[in-house]
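1. here's a sequence, model it:
(chains A, B and C)
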Amino acid sequence: MSLHLILFLAFGAVCVGGAINLLAQRHPINSALSLIAVMAALAGEYLLLGAEFVAAVQVIVYAGAIMVLFVFVIMLLNAGEEEETRGSRVAFLLGVPGMLTASVLMAWVVLRHSGTESVPIGALPGHPGDIAQLLFHDFLLPFEVTSVLILIAIMGAVVLASKPESATGKAD
Amino acid sequence: MNPTLNLWLIPVLPLAGAAINGFLGKKSSRRAVTAIALFFSGAAFAMALWVALRFSSVTLPYQEFFAHWIGITGFSADFAFYLDQLSLVMLLVVTGVGFLIHIYSVGYMWDDPSYYRFFSYLNLFMFFMLTLVLANNYLLMFIGWEGVGLASYLLIGFWFTKDSAASAGKKAFIVNRIGDFGFLIALFLLIKHFGSLNFKQVFNSVGHLTAGTESEALLTAIGILLMVGACGKSAQIPLYVWLPDAMEGPTPVSALIHAATMVTAGVYMVSRSHLIFERAPMALMVVAVIGTLTAFFAATIGIAQTDIKKVLAYSTISQLGYMFMACGVGAFSAGIFHLMTHAFFKGLLFLGAGSVIHAVGGEQDMRKMGGLKSYIPWTFLTMSIATLAIAGIPPLAGFWSKDEILWKAYQVSPVYWGIGVVTAFITSFYMFRLWYMTFFGDYHGAHVDEHGHGSHGHDAHGHGEPHESPMVMLAPLMILALLSLVGGFVGWGNHFEHFLAPVFGTGEPAAEAASGITEKLLMGVSVLVALAGWGLALLLYYQRPELPQKVSDALGGFYQAVVHKYYVDELYTVLFVKPLVDGSTRILWQGVDRKIIDAAVNDSADGARHVSDEVRQMQSGNIRSYAAWIAAGSTVVIAFMIWMWTEAR
Amino acid sequence: MVPSYVPLSYYLLLSGFLFACGVVGFLIKRNIITIFMSIELMLNGVNLSFVAFAAHWHALAGQVFVFFVMVVAAAETAVGLAIIIAVYRTRETLNVDQVNLLKL
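-> Predicted structure coming up:
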């Protein structure tokens, strides 16, 4: 019973619990908080795999920025508990069973295929230096393109979320 | 070296006239249309005369080739013309009588608003008829055959705004079609067994056929089928019903097409195929029987008709029966001889009837005529000549040809001769009946007194007293009368028969040797019979005009049957027309067209709409259902990929 | 007998579970923000799978790709939430079933 496994299971339990809690909660703020928990646990998983840079970025960007944005919006819009509306029969009849089927299939594949491969702890150290090497040499173009993408996203968000001008043209 | 006769000009000239008048005639003046029509038909006649003059300088049979038409392995047909004595006779008759009728029509149709269309159709008819007569293979002849049927339809229904005329045109075409069906099957049999429709090749092959029941059965079948076609075109039993209705057309049409030329196409075709018939005695007998029966049958109907044109129509059917009787007993040249004389006197009779109708302002019922001989003397004179001719009074043309037929028929069987003689009696009777009712006695017609002898308007409205026709109509009458007078003399001394001998061979029934007394005796009988008919007509319609009514009353029901043409039309309606029309309405129209074809189209449209209605539900605007569909779809794809992966392992 | 190492398949199963939860959440939740969060959950599951495979095959490119995924997720979140705010302004509701004007 190695430490590796124990840690994996611990973090994994937090992930699973958080995911299920996200589904179970009715108020979106609760779901948001459980998602933060999932992300934190995932960061731990990444560390177990040796991806230290990715883990750091996960905490800083994902849990620290994106989820904060989510929480801001929930508070801004004063989202309340979910109402019970019957929207789509298809979702229940077709979507959920379908997805469950797919996941069972994938699990079956995974289990059949990878029986003995193991990933030792810290298998691939993801030093920032090595990642930077890749990022600025081999993946330079995607890197630059994503920066443009973020720029566009910023502009789009600003435009979409800005208050519409009033009829008299006066800013509030 | 055979000099070329340029035969192709003969049909093409009228075709050019038809095209010019057809396309440009509407805007042209009457004079221009007349000039074109007369020029081209006259030119055709002139060409025919020229060919006749050059006749002895070419080797016969003369063939002229233009173009290949069909050329596939096993069968070929060409556009080519064929000239021999038979064709020459037909050529001269068609172009000559045709030209005279063109002249006559100038006067008759002058006031008609569709003047140009008439001449265009008339020229078109000439083109097709000449193609028929000059063709060197059955297929080209069939084109002419169909074409004259078309021209007949167009001309019968010339006044197409009249319901009866349009229906008559349809009837003619459809009944002809039935005959053409038989003709076509005969052609197919010819192609199958002889590999060609070319006259020379077919007749050569027929000659080389070994005698035996099989070949005889084949030839009998072909012969009978050809006769079916001839029955349709030449109005024999059972396909004669269209000809009396065809009198709806203008009278020159009746004269040209339904007396002199188109209806004789059947006789020409049977004569041309004589080699086939001679080797199939059964078929020949069928021809003779049909001809004889038709001659007798139609003559009896003619007795009771009151419309002057209908009498002539039934008379035509009867005389055609004579021609087929002649062919049926093997006397083909006699049949052609009668064809020629018949063209003269029947054409004259129709044109004269047209003149009479024109004189009395459109009236066609003979009971409303009478005493016209003082009003229209020239018409009277020419029609008298024609009546004498058709009754078979010597020395006019009809006597020679009819007597020739009866003589040849007697040599084969006295039965044919007997029926023929009785028919001759009836013919003479009803023709003189017509003569007396129209020209003698008192005028029973409408005497609409306008201001004196005002305008010479046409038909339909009464215009004072009956008046003579203009010269343009009388001149053809006189020429035809002359031909009826002297046309028979070519039969003297068997000249005509010898002229046609290269075509038909001299193997015609029985030797002339010990025929002297019998022939003279039979000739005497024919004359007596004709005179007897005259005498009876004289009695009933001139001297004692009250008698016919008593006779018809005494005969009662039988007379009614005759007046109603033995109810044959009604019989056909019940047997064929009504079931076809009803079947077509109920089965084909309502059943197939509406329920199957329309339904298929409509239902497929409805189906598309229903399917799209169902599918439309997917576009609900609901995000979750979209996501669900995506999830479901991706599941399928993933499953498929996994399956592929397991297969590959 | 619990293994003393962690097989790759465990990581993959965890990743798949997270993904499935994300999809199911997308399908059954009615609040649009929660649906958005389910999308984030899906992306996280996929990220785990990437890193696991990167470790398994010693290919650092896997971790670089995770980096890019996060960048795109961030951009998408920004724009998406802006849209949600805009929709909320007009429709006054965060219930996704009531935003169905695009129906046929």
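2. dump the residue contacts of residue B:338.
-> B:319, B:322-323, B:326, B:401-402, B:404-405 (C-beta atoms under 8 Å, 6 or more residues apart in numbering or on different chains). (Each C-beta comes from the backbone N, C-alpha and C, glycine too.)
3. need the strands for chain C, in chain order.
-> Counting by DSSP state E, chain C has no strands at all.
4. low-confidence stretches in it?
-> Residue ranges of chain C with pLDDT under 70: C:1-4, C:104.
5. quick check: longest helix of it.
-> Longest helix in chain C by number of residues (criterion: DSSP state H): helix C:61-91.
6. if we can go back for a sec, want to throw the contacts of residue B:338 into TSV with neighbour count?
-> TSV is the format used below for those (neighbours: other C-beta atoms under 10 Å in any protein chain shown):
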residue	neighbour count
B:319	28
B:322	29
B:323	31
B:326	33
B:401	31
B:402	29
B:404	25
B:405	26
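7. greatest separation within those: which pair is it?
-> Farthest-apart pair in the contacts of residue B:338 is B:319 and B:404; separation 13.6 Å (C-beta to C-beta).
8. can you read off the pLDDT for residue 144?
-> Looking at chain A here, since you left the chain open. pLDDT, residue A:144: 94.
9. not quite, go with chain B.
-> 92.
10. which element is it on?
-> Here residue B:144, judged by DSSP states H and E, is contained in helix B:138-156.
11. re the thing from before, which among the contacts of residue B:338 gets closest to residue A:46?
-> For the contacts of residue B:338, the nearest to residue A:46 is residue B:323 (114.3 Å; C-beta to C-beta).
12. what about that closest one, distance to residue B:343?
-> 11 Å (C-beta to C-beta, to the nearest Å).
13. got any residues that touch both of those two?
-> Contacts common to residue B:323 and residue B:343, judged by C-beta under 8 Å, 6+ apart, are residue B:264.
14. can you classify residue B:112 as helix, strand or coil?
-> Residue B:112 falls in the coil class when you classify it by DSSP: H, G, I helix; E, B strand; the rest coil.
15. please name the nearest non-neighbouring residue to it.
-> Using C-beta to C-beta, 6 or more residues apart in numbering or on different chains and skipping residues adjacent in sequence, the residue nearest residue B:112 is residue B:118, 6.6 Å away.
16. tally of neighbours for the one you found?
-> 23 (other C-beta atoms under 10 Å in any protein chain shown).
17. quick one: the strands in the stretch 501-649 of chain B, in order.
-> Using DSSP state E, counting those that start in this stretch, the stretch 501-649 of chain B contains no strands.
18. so which residue of chain B comes closest to chain A?
-> Using C-beta to the nearest C-beta, the closest approach of chain B to chain A is made by residue B:628 at 3.0 Å.
19. in this structure that residue contacts residue C:27, no?
-> Yes - using C-beta atoms under 8 Å as the test, residue B:628 is close enough to residue C:27 to be in contact (5.7 Å).
20. list the residues that contact residue B:393.
-> So residue B:393 contacts B:399, B:527, B:530-531, B:534 (C-beta under 8 Å, 6+ apart).
21. hmm, 10 Å instead?
-> Residue B:393 is in contact with B:387, B:399, B:428, B:526-527, B:530-531, B:533-534, counting by C-beta atoms under 10 Å, 6 or more residues apart in numbering or on different chains.
22. which other helices and strands contact the helix or strand hosting residue B:486?
-> Secondary structure from DSSP H and E places residue B:486 in helix B:471-486. For helix B:471-486, the packing partners by 3 or more C-beta pairs under 10 Å, 6 or more residues apart in numbering or on different chains; DSSP states H and E come out as helix B:85-108, helix B:251-255, helix B:332-359, helix B:377-391, helix B:397-412.
23. make TSV from those helices and add mean pLDDT to it.
-> Converted to TSV, these look like this (pLDDT from 0 to 100):
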stretch	mean pLDDT
helix B:85-108	90
helix B:251-255	90
helix B:332-359	89
helix B:377-391	89
helix B:397-412	86
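24. so which of these comes closest to residue A:163?
-> Using C-beta to C-beta, the nearest of the helices and strands packed on helix B:471-486 to residue A:163 is helix B:251-255, at 93.5 Å.
25. with just CA atoms, put the closest one into PDB.
-> C-alpha atoms of helix B:251-255 as PDB (Å, rounded to 0.1, in the frame of the first residue of the first chain):
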ATOM      1  CA  THR B 251     -67.700  18.800-100.500                       C
ATOM      2  CA  PRO B 252     -64.500  19.100-102.500                       C
ATOM      3  CA  VAL B 253     -62.800  17.100 -99.700                       C
ATOM      4  CA  SER B 254     -65.500  14.400-100.100                       C
ATOM      5  CA  ALA B 255     -64.800  14.400-103.700                       C
END
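26. re earlier: so what pLDDT did the residue of chain B closest to chain A get?
-> With respect to pLDDT, residue B:628 has a value of 85.
27. who's in contact with it?
-> A:88-99, B:622, C:23, C:26-28.
28. for the helix holding residue B:486, the distance to its chain's centre please.
-> In terms of C-alpha atoms, centre = their mean, to the nearest Å, the centre of helix B:471-486 is found 23 Å from the chain centre.
29. list the buried residues in that helix.
-> Across helix B:471-486, burial judged by 16 or more other C-beta atoms under 10 Å in any protein chain shown covers B:473-474, B:476-481, B:483-485.
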